[in-house]
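Trainee: here's a sequence, model it:
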Amino acid sequence: MFTIANHNTTKASAWLPQAGNYKYHAAVHTIDQRSIKNKKSRAKTFREIQEIIYSLTEYRYKNKLSPNSIQYLEIQKDIDYLSKAAALLTSYNDEQMYSSSVEYGLLNNKISFGIKALHKDNKFDSGSTKYIASYANSADIFAKFKLLERNSYIFSIQPQICIHKESTTFQELFYETALLTGTTSTRGKFTLIVDSAIALGHGISSNAHKKRYYSFTVSESIKLPYGLMLTNFSKYYLRNNYGSTYNDTIYEQLSIAKEINFDTVRQNNFTISFGYFWNRSLNYKNYKISGTVFSIWTEI
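Mentor: Residues are numbered from 1 along each chain as shown. Have a look, this model is predicted:
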């Protein structure tokens, strides 16, 4: 499971569904044992810091230090520093994430509308209460407009409103605009599909107006015989005011997919995909998670 501080990271595609058709997508991300061990290591350090903070607080209380004394203020500086370090350690505490989306095509494949939803469970071993458990929910409402299409490439633009709510914070509202491009090329039995996107987003609610982000996404897929497809997906985020561990991140995913047809003319089908993901902070190398991802999508 991976952490995104404001909205869903479901892959955006420059291609729109056929007019009158629905495109559905659903995915489940689960962290692996390496990520669990990483969280346990950080949790151990977290508990050690909490013990030091408790000792400093007790020392200040037992010695009845004056709040205006130099020693009291020095201890307070240490407590503030340690508290920030402890809060940092709880980053990347993802456990599992569920995401889904639906998109509907209109006006001769020139416009589509859709919604994306995400639910994320977090868990971190804090020691005294055993676990810090929390969740995050997101909902994105978007429209997609085809700007230009030729035989092998397409350009689209996608504005969207992003609603984000965590268990420990108030609801936040964001606006994002993304420019999407797609190209295809065929050589023999193989087809290369490249999807890319550049997005700019910013907070529009009072509690998120200082937050800004830029993202760049590239998805490279190779269609193989027998309905197989290999995909390499990357998404880079540059954020402002999201916290040092989340200001610069990269998400990467490798997956293999299989198209399953309901009929011989290949008009009704769905695709299942299984892969592995890595999500990490570019500012702190120890803050990262990885695991498996299973997804399914179809257009009907």
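Trainee: for the closest residue in space to residue 230 that isn't next to it in sequence, pull up the helix or strand it's in.
Mentor: Distances taken as Cβ to Cβ, 6 or more residues apart in numbering put residue 222 closest to residue 230, at 4.9 Å, once the chain neighbours are dropped. Heads up, the C-betas are built off the backbone N, CA and C, glycines and all. Element membership of residue 222, judged by DSSP states H and E, is strand 212-223.
Trainee: average pLDDT for whichever helix or strand comes after that strand?
Mentor: Once strand 212-223 ends, the next helix or strand along the chain (criterion: DSSP H and E) is strand 228-240. Strand 228-240 shows a mean pLDDT of 95.
Trainee: quick one: residues contacting the residue nearest to residue 230.
Mentor: 190-193, 229-231 (Cβ atoms under 8 Å, 6 or more residues apart in numbering).
Trainee: now list the buried members of these.
Mentor: 193, 229, 231 (16 or more other Cβ atoms under 10 Å).
Trainee: partner strands of the strand holding residue 222, with direction?
Mentor: strand 190-203 (antiparallel), strand 228-240 (antiparallel) (DSSP bridges).
Trainee: mind showing which ranges of the stretch 201-300 of the chain have poor pLDDT?
Mentor: Scanning the stretch 201-300 of the chain for pLDDT under 70 picks out the ranges 263-268.
Trainee: where does the prediction get shaky in the stretch 51-200 of the chain?
Mentor: 127-132.
Trainee: for it, what spans make up the helices?
Mentor: 70-89 (DSSP state H, counting those that start in this stretch).
Trainee: which stretches of it form strands?
Mentor: Along the stretch 51-200 of the chain, the segments classed as strands by DSSP state E, counting those that start in this stretch run 94-106, 111-127, 130-149, 153-166, 172-187, 190-203.
Trainee: any chance of those strands in a markdown table, with distance to residue 210 too?
Mentor: Shown next, in a markdown table, are the strands of the stretch 51-200 of the chain (distance: least, Cβ to Cβ, whole Å):
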| stretch | distance to residue 210 |
| --- | --- |
| strand 94-106 | 24 |
| strand 111-127 | 23 |
| strand 130-149 | 19 |
| strand 153-166 | 15 |
| strand 172-187 | 11 |
| strand 190-203 | 7 |
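Trainee: out of these, the one nearest residue 22 is which?
Mentor: When the strands of the stretch 51-200 of the chain are compared by Cβ to Cβ, strand 94-106 sits nearest residue 22, at 5.4 Å.
Trainee: show me what the closest one is packed against.
Mentor: strand 22-31, strand 111-127 (3 or more Cβ pairs under 8 Å, 6 or more residues apart in numbering; DSSP states H and E).
Trainee: for the contacts of residue 222, which one is nearest residue 139?
Mentor: When the contacts of residue 222 are compared against residue 139 (criterion: Cβ to Cβ), the nearest one is residue 231, at 25.4 Å.
Trainee: now do the contacts for the residue nearest to the closest one when sequence neighbours are not counted.
Mentor: With sequence-adjacent residues excluded and distances taken as Cβ to Cβ, 6+ apart, residue 231 is closest to residue 221, at 4.4 Å. By Cβ under 8 Å, 6+ apart, residue 221 lies in contact with 192-195, 229-232.
Trainee: same thing with residue 201?
Mentor: 6-7, 162, 174-177, 212-215.
Trainee: distance check, it against residue 26.
Mentor: Counting by Cβ to Cβ, to the nearest Å, the gap from residue 201 to residue 26 is 23 Å.
Trainee: now do residue 147
Mentor: 28 Å.
Trainee: the two: who's more crowded?
Mentor: residue 26 (16 against 13; other Cβ atoms under 10 Å).
Trainee: who's the more buried one bridged to?
Mentor: Residue 26 has these beta-bridge partners by DSSP bridges: residue 100, residue 296.
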